[in-house]
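Engineer: let me see the structure of the following:
(chains A and B)
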Amino acid sequence: MKKIFLALALAAAAVSACDDEFIPPKTPTRTTSKEIPVAERRENACKAKVLPSVAPRSGDGQTDIPQGNVARVEVEGASDEAKARAATGIAAGEPVNVAKTQDAIRKLWSLGEASDVRLEARPSPQGVVLHFTIEKRPTYGQVVIHGGSVIDAPELEKALHATGGAAYDPVALVSARGTLVGGLKARGYTDASLGLAGVLEPDGTVDLCVDLQEGAKITIESVAFKGLSKLKEADLLAAIDTDHGRINAPGGIVDATKMDEALAKIAELFDKAGLAKANIVPKHQRSGDKIALVFEVEEGPVITLRRYDITGDLITDASAYRKLMTMKSRDPFSKAKLVSDMQSISDLHEKKGRKDVEVQPMTQVDDKNNTIDVVLKVVDPKKTQQKPPPPPPKK
Amino acid sequence: MILATLALSFGLGALDQAPYVDRVAAVVGDHVVLLSEVRARATLVARTQRATLAQMTDAILHEVTERLVEEYLEQSEADRLKITVASDEVDHAVEQLAQGNNTSVQTLMKTVESQGVKPDELREALRRQLLEGKLLLLRGNQMQRIEEKDLRARYEQMKKQVKDPKDLKSYDELKNELLNELLQERIAALREDWMAQLRARTWVDIRVGGGSQ
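Structural biologist: Here you go, the predicted structure:
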């Protein structure tokens, strides 16, 4: 039963010191008995490696929720207590239900002002008291932003909503980082990164350090396929969408998504030519702000189809199946055509009301002669189940 | 004595107990994983190991929370790419699991239930595995291809590890085993890399079992 257990099994960028740019906080910070100098706070924020977690650590109590009806619902820490109590969706008198309390926590969280939501449920003579505590998000204290030439510090501040006194929102910060860095990469700044780090200060505010490293704009010097003998380089280059030379072409910038799409098209060209074993390995060469896109190709031999047949629990005439098999003996073998034929056969089964009948390809490759035999096996699960068990071995 | 009697009559004994607590166990972008969900999954893990929730250490709870976070990230990615797992695909996986254990689906389900796992829980675990498989397949082109020289290198490595190389089976005998081993390693590396990318674009804060992002 080992496999059953397997099925269930459990299955920052470094930030430089902040000495090159300084944006004063827009709101004064609260003071503590041991006040840390502003410059030190800003330096500490930039020395941090990650954004701080601001959740309070507290005991986890009992694991089983008390049974009975709800006596009352209490909400502590909300800006609008009545609104928060309504958001829980739980009323006095109804039976206590874990799914409902989970939903209530989620709804309180989605009100958007919490860094933590906690439920404590206690039995009382009147029933179960549900006490929800909302821990409000801290605000930013010191905010240090190192901008770049494409996106400057004020633009970053706006995009990240990172202003002294605003609520600390790590979800929004990380999400905005993705958008900003993605945008820079799409403009050719392949090395762009945005460091986000900070410190939760004793006065309860979060000091934040934002460090944008745009890097240089990287342009393409050349695009080449090496190792071709059966296919022409021009045909492969034609499969790349260059958007009039703007992307994935000499003088343009790299668009990884479009290049992946192009490589899928190129793989189809190899497949069409019977080069079933072909392999394309990108070996790009970077030199300063230039990049040469190099694809090393191992074409391998042309694989020829020797036998192409169908067998098994056919649910109609063999000729009806053969009509759907588009490759014939001595053709270059194409995986795409094989998959397409199998799909046509599945469609035939569906038309006959037998969606449950499967088609399994059985292949045998002859490496010496570079040929392949393909037999499509039709498997009818009804017939498989009806088969009598094998007789017991004779003693 | 009178006070104690009064306390009991009003059920005050129960008030002295620690309360039931549920809270945010992890934040994954806009989503929260709750402590009650972590406990439910940990209970399932405990049952398969013939243990109780109370025996689950903080480290295990942390690991369970990590797993739930990853499942959420995977599900979000699947939603974004519109990738789903159909019910008949799960049926097929159940059949394969039964076949792999040389048993029928019915017996498999009974065995699993006797180990404290409900059929729906098994089906859900398989659905998640299939979904992860589909998502990883999409990234298959980023997996380093396994070549003959890689298998040979692994075999030579094995040779060095045994006291007497004569004790080792021949390369041809071990080839499939080596291929499977290397494939598993590369899939694991691919998954790790993919998960790191998903986590880099989402705020993840784990608040169970010590430590956060």
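Engineer: helices along chain B, start to end?
Structural biologist: According to DSSP state H, chain B carries its helices in the segments B:2-9, B:12-15, B:35-48, B:58-80, B:87-100, B:105-114, B:119-138, B:148-161, B:171-200.
Engineer: just put the ones you listed in CSV and tack on mean pLDDT.
Structural biologist: What follows is the helices of chain B, written out as CSV (pLDDT from 0 to 100):
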stretch, mean pLDDT
helix B:2-9, 41
helix B:12-15, 45
helix B:35-48, 89
helix B:58-80, 94
helix B:87-100, 92
helix B:105-114, 92
helix B:119-138, 93
helix B:148-161, 90
helix B:171-200, 92
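Engineer: return the most buried member of those.
Structural biologist: Ranked by mean neighbour count under mean count of other C-beta atoms under 10 Å in any protein chain shown, the helices of chain B are led by helix B:35-48, which reaches a mean of 20. (Each C-beta comes from the backbone N, C-alpha and C, glycine too.)
Engineer: report the angle between that helix and helix B:119-138.
Structural biologist: 100 degrees (axes from the mean of the first three to the mean of the last three C-alpha atoms, to 10 degrees).
Engineer: tell me what helix B:35-48 is packed against?
Structural biologist: Packing partners of helix B:35-48 (3 or more C-beta pairs under 8 Å, 6 or more residues apart in numbering or on different chains; DSSP states H and E): helix A:2-8, helix A:98-110, strand B:20-28, helix B:58-80.
Engineer: residue ranges with poor pLDDT in chain A?
Structural biologist: Scanning chain A for pLDDT under 70 picks out the ranges A:1-34, A:56-59, A:384-395.
Engineer: out of the helices and strands packed on helix B:35-48, flag the one nearest residue A:193.
Structural biologist: Ranking the helices and strands packed on helix B:35-48 by their distance to residue A:193 (criterion: C-beta to C-beta) puts helix B:58-80 first, at 20.8 Å.
Engineer: rewinding a little: format the helices and strands packed on helix B:35-48 as a markdown table; extra columns: distance to residue A:302.
Structural biologist: What follows is these, written out as a markdown table (distance: least, C-beta to C-beta, whole Å):
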| stretch | distance to residue A:302 |
| --- | --- |
| helix A:2-8 | 40 |
| helix A:98-110 | 58 |
| strand B:20-28 | 49 |
| helix B:58-80 | 38 |
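Engineer: closest one to residue A:364 among those?
Structural biologist: Nearest of the helices and strands packed on helix B:35-48 (C-beta to C-beta): helix A:2-8, 28.5 Å.
Engineer: show me the domain layout of chain A.
Structural biologist: Domain segmentation of chain A under automatic domain parsing yields A:38-53+A:138-213, A:70-136, A:219-298, A:304-386.
Engineer: how close does the most centrally placed residue in chain B get to chain A?
Structural biologist: For chain B, the residue nearest the mean C-alpha position is residue B:67 (5.7 Å; C-alpha atoms, centre = their mean). Per C-beta to the nearest C-beta, to the nearest Å, residue B:67 is found 5 Å from chain A.
Engineer: does that residue touch residue B:41 like I think?
Structural biologist: Yes - Residue B:67 is within contact range of residue B:41, at 7.3 Å (criterion: C-beta atoms under 8 Å).
Engineer: pick out the residue nearest the middle of chain A.
Structural biologist: residue A:178 (12.1 Å).
Engineer: could you verify my assumption that that residue touches residue B:201?
Structural biologist: Yes - between residue A:178 and residue B:201 there is a contact under C-beta under 8 Å: 4.1 Å.
Engineer: if we can go back for a sec, closest one to residue A:355 among the helices of chain B?
Structural biologist: Among those, the nearest to residue A:355 by C-beta to C-beta is helix B:87-100 (8.7 Å).
Engineer: give me the number of residues near residue B:169?
Structural biologist: By other C-beta atoms under 10 Å in any protein chain shown, the residues close to residue B:169 number 11.
Engineer: now do the same contact list for residue B:27.
Structural biologist: A:170-171, B:33, B:203-205, B:207 (C-beta atoms under 8 Å, 6 or more residues apart in numbering or on different chains).
Engineer: bridging residues for it?
Structural biologist: Applying DSSP bridges to residue B:27 gives these bridge partners: residue B:32, residue B:205.
Engineer: over to residue A:76?
Structural biologist: residue A:133.
Engineer: for residue B:127, see how far away residue B:121 is.
Structural biologist: 11 Å (C-beta to C-beta, to the nearest Å).
Engineer: closest to residue A:204 out of the helices of chain B?
Structural biologist: When the helices of chain B are compared by C-beta to C-beta, helix B:35-48 sits nearest residue A:204, at 24.0 Å.
Engineer: and for the closest one, what's in contact with it?
Structural biologist: Contacts of helix B:35-48 (C-beta under 8 Å, 6+ apart): A:5, A:8, A:10, A:60, A:63, A:98, A:101-102, B:21-26, B:52-53, B:55-56, B:60-61, B:64-65, B:67-68, B:115-117, B:121, B:208.
Engineer: filter these down to the buried ones, ChimeraX style.
Structural biologist: The following ChimeraX line selects those of the contacts of helix B:35-48 that are buried, judged by 16 or more other C-beta atoms under 10 Å in any protein chain shown:
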select /A:8,60,63,98,101,102 /B:21,22,23,24,25,26,53,56,60,61,64,65,67,68,115,117,121,208
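Engineer: for the residue in the stretch 201-350 of chain A that chain B sits nearest to, give the beta-bridge partners.
Structural biologist: Chain B sits closest to residue A:279 of the stretch 201-350 of chain A, with a gap of 6.1 Å, by C-beta to the nearest C-beta. Beta-bridge partners for residue A:279, by DSSP bridges, are residue A:298.
Engineer: count the neighbours of it for me.
Structural biologist: 15.
Engineer: what about it, distance to residue A:332?
Structural biologist: 17 Å.
Engineer: please apply the same query to residue A:137.
Structural biologist: Applying C-beta to C-beta, the value for residue A:137 to residue A:332 is 63 Å.
Engineer: now swap in residue B:117 and tell me
Structural biologist: From residue B:117 across to residue A:332, the span is 49 Å (C-beta to C-beta).
Engineer: now residue B:112
Structural biologist: Distance, residue B:112 to residue A:332, by C-beta to C-beta: 47 Å.
Engineer: then residue A:62?
Structural biologist: 69 Å.
Engineer: how about residue A:338?
Structural biologist: Residue A:338 is 12 Å from residue A:332, by C-beta to C-beta.
Engineer: how about residue A:307?
Structural biologist: Distance of residue A:307 to residue A:332, given as C-beta to C-beta: 15 Å.
Engineer: could you do residue B:77 as well?
Structural biologist: For residue B:77 relative to residue A:332 (C-beta to C-beta), the value is 36 Å.
Engineer: ramachandran coordinates for residue A:71?
Structural biologist: Main-chain dihedrals, residue A:71, degrees, to the nearest 10: phi -80, psi -50.
Engineer: let me redo that: residue B:30
Structural biologist: Note on residue B:30: its backbone torsions stand at phi -80, psi -10 [degrees, to the nearest 10].
Engineer: list the contacts of it.
Structural biologist: A:110, A:171.
Engineer: residue B:83 contacts residue B:134, correct?
Structural biologist: Yes - between residue B:83 and residue B:134 there is a contact under C-beta under 8 Å: 5.4 Å.
Engineer: spatially nearest residue to residue A:242, not counting backbone neighbours?
Structural biologist: What sits nearest to residue A:242 in space, not counting adjacent residues and going by C-beta to C-beta, 6 or more residues apart in numbering or on different chains, is residue A:249, at 3.9 Å.
Engineer: name the element that neighbour belongs to?
Structural biologist: Under the assignment given by DSSP states H and E, residue A:249 is not contained in any helix or strand.
Engineer: check residue A:196 too.
Structural biologist: Going by DSSP H and E, residue A:196 is in strand A:193-200.
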